[in-house]
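1. Pasting the sequence and the predicted coordinates here, then a few questions.
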Amino acid sequence: MREIVVLECSVCKNRNYTSTIDTRGGRKVEVKKFCRPCRAHVIHKSRKA
Ligand SMILES: [Zn+2]
């Protein structure tokens, strides 16, 4: 089963992206994505949508 999560910037806490994760795997996802407010690529962490 897949669950929708939001990806939150670890620096400014802006919620920039949504993604889906496999609930059977690890729930926490960390991805490096571009953040507009930060104007840089930063780690985004998954949060429940
Ligand atoms: Zn940011």
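-> Structure's in. What do you need?

2. C-alpha from now on. contacts and neighbour counts both.
-> Fine.

3. could you point out which element follows the helix or strand that contains residue 32?
-> According to DSSP states H and E, residue 32 maps onto strand 30-35. Sequence order places strand 40-48 as the next helix or strand after strand 30-35, per DSSP H and E.

4. Kindly report the residues of this structure close to the ion.
-> Proximity of the chain to the ion, by Cα under 5 Å from the ion, involves residues 9, 11-12, 35, 38.

5. Other residues contacting stretch 35-49?
-> Residues outside stretch 35-49 that contact it (Cα atoms under 8 Å, 6 or more residues apart in numbering) are 4-12, 14, 16, 18, 28-34.

6. Now for the residue most central in space within the chain: which residues touch it?
-> Centrality entry for the chain: nearest residue to the mean C-alpha point is residue 7, 1.9 Å, by Cα atoms, centre = their mean. By Cα under 8 Å, 6+ apart, residue 7 lies in contact with 15-19, 44-47.

7. Export the residues you listed to CSV and append columns for pLDDT.
-> Below are the contacts of residue 7 laid out as CSV (pLDDT from 0 to 100):
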residue, pLDDT
15, 97
16, 97
17, 96
18, 94
19, 91
44, 97
45, 95
46, 93
47, 91
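
8. Buried only: go through the residues you listed for me.
-> 15, 17, 44-47 (16 or more other Cα atoms under 10 Å).

9. Output these as TSV; include the columns distance to residue 23.
-> Converted to TSV, the buried ones among the contacts of residue 7 look like this (distance: Cα to Cα, whole Å):
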residue	distance to residue 23
15	20
17	18
44	18
45	15
46	12
47	13
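
10. what about the chain, any weak spots by pLDDT?
-> Within the chain, the segments meeting pLDDT under 70 span 25-27.

11. swap the cut-off to 90 and go again
-> The chain contains residues with pLDDT under 90 at 1-3, 20-29, 48-49.

12. Having no further points to raise, I will conclude here.
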